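A.B. asks: Generate coordinates for the sequence data below:
(one chain, ligands or ions: 1)
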Amino acid sequence: MPPSATPATRAREEGPATGALLATRQLTWRIGEVAIVDNVEIDLRPGEFLGVIGPNGAGKTSLFNLISGLRPPTTGQVLLGGQDVTALPPHKRARQGLGRTFQSSSVFGSLSVRENVRLAVQAQRGGSFKLWRRAARDTAVAEAADRALDRVGLGHRGEALAGTLAHGEKRKLEIALLLAGEPTVMLLDEPMAGVSAEDVPELVAVIRSLTGDSGRSVLMVEHHMDVILELADRIAVMHHGALLACDTPDTVMANATVQEAYLGEAL
Ligand SMILES: Nc1ncnc2c1ncn2[C@@H]1O[C@H](COP(=O)(O)OP(=O)(O)OP(=O)(O)O)[C@@H](O)[C@H]1O
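C.D. replies: Sure thing, here's the model as predicted:
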């Protein structure tokens, strides 16, 4: 194997998902008789970028809610690094390396960009939110926060109030907040939502840099197909709660069942 191979390339060459960082097994969430998430089995390999697509209402956000622990599944399991975390609440999954952004912005608008990230670092390190003033004096926390900001290209915006950021910058801040938790698996829910067309390439570059050789894996829901095709090693297609396909972009796009599912529906 060439030394330059990325973890995702290696994972593809090594084939089926032994040692998946994140896996779901027969994951199902029912409301009454309706399966909102239906028996979904996903394996996310180290360093892999897995895009999740599907028409509106397909169950993508619900799947993220089950994986991150926001909702308990009706049946099935979520495995992190091979460990069953199905019974763990979101903050314990986060401590075990699972980070998530949300469709709606989750930053404190009245705090500065840097303070937002310091709080996230502090939270990851087991501190209390009430202690944020102390966190501001903690050099290690401050340095980790600045590293996360530099990582997403917001180093120069540290003093700005988070509420004044443009959409694209806010999305970058959300990613910095996530990085502060030092996750091994990142769930990104529609990171391009509300971002203007001219800001998309820069955000794509930031998101692409999240995997690379770090071994970190990303699971991303996104409606912009061009973005998914640019970033994803594999694409999972959801339809009516079930997983219709999960394969390389070329194979998925050529899949007749996938094309049929999308007939007349917006991605
Ligand atoms: N708490 C809830 N109670 C009842 N129905 C729900 C609930 N949450 C989700 N649903 C329904 O489950 C289905 C899947 O919703 P979900 O938001 O997961 O889809 P999605 O694929 O993320 O859609 P979108 O692309 O529009 O964000 C939808 O029909 C939605 O109305």
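A.B. asks: quick one: residue 160 and residue 113 touch, right?
C.D. replies: Yes: assessed by Cβ atoms under 8 Å, residue 160 is found in contact with residue 113 at 5.3 Å. C-betas here are computed from N, CA, C, even on glycine.
A.B. asks: if you count what's nearby, which of those two comes out ahead?
C.D. replies: Between residue 160 and residue 113, residue 113 has the larger neighbour count (other Cβ atoms under 10 Å), namely 28 against 15.
A.B. asks: quick one, what contacts the more buried one?
C.D. replies: Residue 113 makes contact with 149, 154, 157-162, 165, 173, according to Cβ atoms under 8 Å, 6 or more residues apart in numbering.
A.B. asks: Just the buried residues of those residues.
C.D. replies: 149, 154, 157-158, 162, 165, 173 (16 or more other Cβ atoms under 10 Å).
A.B. asks: just the residues you listed now: which is nearest the ligand?
C.D. replies: residue 173 (21.6 Å; Cβ to the nearest ligand atom).
A.B. asks: From residue 203, how far off is the closest one?
C.D. replies: Applying Cβ to Cβ, to the nearest Å, the value for residue 173 to residue 203 is 11 Å.
A.B. asks: near the ligand, which residues of this protein?
C.D. replies: Residues of the chain lying close to the ligand (Cβ under 6 Å from any ligand atom) are 31, 36, 54, 56-62.
A.B. asks: 5 Å instead?
C.D. replies: Contacts of the chain with the ligand, taken as Cβ under 5 Å from any ligand atom, map to 36, 56-62.
A.B. asks: In CSV, could you pull the C-alpha coordinates for stretch 69-79?
C.D. replies: Taking C-alpha atoms only, stretch 69-79 is exported to CSV below (Å, rounded to 0.1, in the frame of the first residue of the first chain):
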residue,chain,number,x,y,z
GLY,A,69,-28.5,10.1,21.5
LEU,A,70,-31.0,12.9,21.3
ARG,A,71,-33.7,10.2,20.9
PRO,A,72,-33.7,6.6,22.0
PRO,A,73,-34.3,4.2,19.2
THR,A,74,-37.3,1.8,19.3
THR,A,75,-35.0,-1.0,18.5
GLY,A,76,-31.4,-1.4,17.3
GLN,A,77,-27.9,-0.3,18.4
VAL,A,78,-25.4,2.5,18.0
LEU,A,79,-21.8,1.4,18.3
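A.B. asks: Strands of the stretch 1-150 of the chain, start to end?
C.D. replies: For the stretch 1-150 of the chain, the strands defined by DSSP state E, counting those that start in this stretch occupy 22-31, 34-40, 43-44, 49-53, 75-80, 83-84, 98-100.
A.B. asks: Show me what the fifth one is packed up against.
C.D. replies: Think strand 75-80. If contacts are counted by 3 or more Cβ pairs under 8 Å, 6 or more residues apart in numbering; DSSP states H and E, strand 75-80 sits against strand 22-31, helix 60-68.
A.B. asks: so what strands line up beside that strand?
C.D. replies: Sheet pairing of strand 75-80 (DSSP bridges) gives strand 22-31 (antiparallel), strand 83-84 (antiparallel).
A.B. asks: Perfect, that will be all.
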